[in-house]
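Enquirer: Sharing a model that was predicted from the sequence below.
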Amino acid sequence: GAGVSQSPSNKVTEKGKDVELRCDPISGHTALYWYRQSLGQGLEFLIYFQGNSAPDKSGLPSDRFSAERTGGSVSTLTIQRTQQEDSAVYLCASSLVEGGTDTQYFGPGTRLTVL
Amino acid sequence: AQSVTQLGSHVSVSEGALVLLRCNYSSSVPPYLFWYVQYPNQGLQLLLKYTSAATLVKGINGFEAEFKKSETSFHLTKPSAHMSDAAEYFCAVSEGFQKLVFGTGTRLLVSP
């Protein structure tokens, strides 16, 4: 079966522009996670969805970042007024159910470059 | 809050040699621990996970890890390195039964 997919794979934008990053989780997975991987900060948790609701948004770095999930499936991470420090690889993961032992399956990531 | 420390940002081994990647955790509750591998320009792939069953966990590609509560460690080992093992390895702990908290990663270099 298909794994987690993300689009676009690469995104180059200018400072101040808005960007949308998309994640398609594995079919049937109820939990969805966004992480950010950057040279300075390593792998950081951003937000977590259970179904369409986000019980934990604690990792979003500023109010320029938002995310939604519709139909319990696709999720979109939006960054408004991008800054150079937003440059990173954004990784999406999904798991069958919420739970500490459940495996999170990762997508290939979207590499965002803000000029 | 739970945290993970990976000692050594880079580890170099020769092909056929033992691989040892170190991970220590900090947790006030029994942890769930994971090792992931990342190949260049790819996402993370699960190697193995500890979920409080057996303390010695076997994973894919010949890797295994042993949970040692007394040492708060979860080191990753492989008896004989292959060239194809060259990648970045991340140790992680599950916090709040939801998000993963990752270590800073260890890049494994394998020389012929």
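Expert: Happy to help now that I have it. Residues are numbered from 1 along each chain as shown, chains lettered A, B, ... in the order given.

Enquirer: tell me which residues in stretch A:71-84 are buried?
Expert: Residues A:72-73, A:75, A:77, A:79, A:82 are the ones in stretch A:71-84 that count as buried (16 or more other Cβ atoms under 10 Å in any protein chain shown). (Each C-beta comes from the backbone N, C-alpha and C, glycine too.)

Enquirer: same deal with stretch B:37-55?
Expert: B:37-38, B:43-51.

Enquirer: What of stretch A:25-44?
Expert: A:25-26, A:29-37, A:43-44.

Enquirer: Widest-spaced pair of the buried residues of stretch A:71-84?
Expert: Distance extremes for the buried residues of stretch A:71-84: the farthest pair is A:72 and A:82 at 28.2 Å, using Cβ to Cβ.

Enquirer: wait, isn't residue B:112 in contact with residue B:81?
Expert: No. In this structure, residue B:112 is not within contact of residue B:81 by Cβ atoms under 8 Å, at 10.6 Å.

Enquirer: can you tell me if stretch B:23-40 touches chain A.
Expert: Yes. Counting by Cβ under 8 Å from any Cβ of the partner chain, chain A is contacted by stretch B:23-40 at B:32, B:36.

Enquirer: give me the element the closest residue to residue A:104 other than its chain neighbours is part of.
Expert: Excluding the flanking residues, the one nearest residue A:104 by Cβ to Cβ, 6 or more residues apart in numbering or on different chains is residue A:93, at 4.1 Å. Counting by DSSP states H and E, the element that carries residue A:93 is strand A:88-95.

Enquirer: For that strand, which strands pair with it and how are they oriented?
Expert: strand A:31-38 (antiparallel), strand A:105-106 (antiparallel), strand A:110-114 (antiparallel) (DSSP bridges).
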